[in-house]
Structures are given as C-alpha cells and as structure tokens.
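S.K.: fold the following, please.
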Amino acid sequence: MKIEQVGVQLYTLRDHLNTPEEYQESLQKIAEIGFKLVEIAGPRPISEHEITSLCAEKGLVICSSHEDGDLILQNPAKVVEHVEEFGCKYAVYPFPGGIDMGSQNEVSALIRNLDASGKVLSEAGKVLAYHNHDMELQLLDGKTILECIYAETDPANLKAELDTYWIHAGNASPEAWCAHMRDRLPLLHLKDYTIEEGGEPRFGEVGSGILDFRRIISTADASGCEWYIVEQDTCPGDPFESIEQSFRYIRDNLVD
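M.R.: Numbers count the residues shown, from 1 in each chain. A predicted model of the protein is given here:
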C-alpha cells in the first residue's frame, strides 16, 4: 500500500459538512493532515460539480462515492451521472435500509436488484460496490448473507468495499475476507476494533485496537485493492484528531 492510496470517508466528518463553508474548511483540514483522496458520503450542501472543484483545488482525488441506496436500486443511471461528475469509477451501496435481512425473499430481491443496477453501471464504465456491516455476517439458510451477495451476483456487476471493523464485529476475519474477495476488492474501509474497560467495543482509530492491520493490508494488496479508506463511524472527541491519528499510524507503520 502506498500513501497515495490512503483516503478518508467524509461520513466520519458529517457534523462538519453542513454548509458550503464547512465543506471547504473540512476538505482543507483533510489535505493538511496529508490525505490524498476522499470518499464522498454524508451531507452535500453543494452540488457534485462544486464538490469536485473544491477537491481538485485542495489536491484531493475522489476515489468513490456512497450513493443513496434507493437511488442505486431504482435509478442507477442517475448514479452514473453522479460518479461521472465526481470523476471517479466507484459507486457504493452503503446500507440495506428498509430491507429485512432475516427474510430470504427480501435478501434475494436485494441481490437481484444489486446485480441489475451493477450491470447498468458496468455498461457505463463504472463499478458498483457493496459496503457491509455486521448484519451481513448472519446466517440465512446455512450461509452468511455476505457470501450469498457475492455468490449470486456477477463479479462484473458487483465488487466489495469490505469494512474491517464490521467484519470483525460479525465474528469473521477481515484478513480471510480480503483473501476471499481476490480481484473483487477495489475498496477497503479501515477502522479499528477497540475494547473499553467494561468490555464494550467501540470504533477505533487505526492502530488503537485489536485488528492486525499489517496482515490485513498485505492480504488486501495481494487481492488487488486500489483504495484504502479511513472511516470512523463515531469518534471519542474531535473527528479531525481521530482521522489524523489514523493517518499518522498508517503513514508510519503500514505503507511501503
């Protein structure tokens, strides 16, 4: 992994993106920390075109965009327009909102729709990726939902954006899943799994918890991962301090 492949997911900074001024200030801070790229997510108080211009001004590449899940499933052509505007290749399905993941019928319908939408993106030269949480690691008819999602979709139509924290929270191995998704893993979310004194887990800055990121990154590299994206769903304090802590650990310990 090269430092030029390391970015930050803007959802981490969602409370600082609510106005055009905040958006610009946040991108400036991201660039000053040393990140070279961002993944779009969270509030968009300005247009896709304006976001793209601001990122270019700050020297930040847009590697991917989390798009509205319903929009992806119902109007994938509009998603193509968004990622075209961002100048990136990857659109990400972020969360299966409104879908009963305990229902075989609803999960099967989701998988079919992801495959169909992914085909639209693929035909337009773009790529749809699926971002997991822990719910996809539950068993449904003897297999995990995440296994079913990738087994029942065309690899040309759906790639993976694995999330290290949520894979571990689902009692699976991030390293093993990175190996399993060889040639289908363009994006990887980096967040650590930290256990507090009372035994409660929390989202952690990279290097602060129990995950073995050297092995995870090595395996992801071997699987062809293109972009490594720091995301922290919640932070103990200032999220800019958290992403800077993650960046420094990555820079000092994980990059070639």
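S.K.: touching, H82 and D68? I think so.
M.R.: No - counting by Cβ atoms under 8 Å, H82 sits too far from D68 to count as a contact (9.4 Å). Heads up, the C-betas are built off the backbone N, CA and C, glycines and all.
S.K.: relative to L27, how far out is the nearest residue to I111 once chain neighbours are set aside?
M.R.: Spatial nearest neighbour of I111, excluding adjacent residues (Cβ to Cβ, 6 or more residues apart in numbering): E152 at 4.9 Å. Distance from E152 to L27, counting by Cβ to Cβ, to the nearest Å: 38 Å.
S.K.: looking at these two, which is more packed in?
M.R.: Each of E152 and L27 has its neighbours counted (other Cβ atoms under 10 Å); L27 has more, 22 against 14.
S.K.: and the more buried one, which of the three is it?
M.R.: Look at L27: counting by DSSP: H, G, I helix; E, B strand; the rest coil, its state is helix.
S.K.: which residues touch it?
M.R.: For L27, the contact set (Cβ atoms under 8 Å, 6 or more residues apart in numbering) comprises V38, L54, C55, K58, L60.
S.K.: relative to E48, how far out is the second one?
M.R.: Yep, that's L54 we're talking about. Distance, L54 to E48, by Cβ to Cβ: 11 Å.
S.K.: re earlier: pLDDT value on the residue nearest to I111, please?
M.R.: Predicted confidence (pLDDT) at E152: the value is 98.
S.K.: identify all contacting residues around stretch 212-224.
M.R.: Contacts of stretch 212-224 with the rest of the structure, by Cβ under 8 Å, 6+ apart, involve 1, 164, 174-175, 178-179, 181-186, 188, 190, 192, 206-207, 228, 250, 253-254.
S.K.: hmm, I typed the wrong one, I wanted stretch 194-207.
M.R.: Under Cβ under 8 Å, 6+ apart, the answer for stretch 194-207 is 165, 169, 190-193, 208-210, 213, 230, 232-236, 242-243, 245-246, 249-250, 253-254.
S.K.: and the gap between L60 and H133?
M.R.: Between L60 and H133 the distance is 26 Å, computed by Cβ to Cβ.
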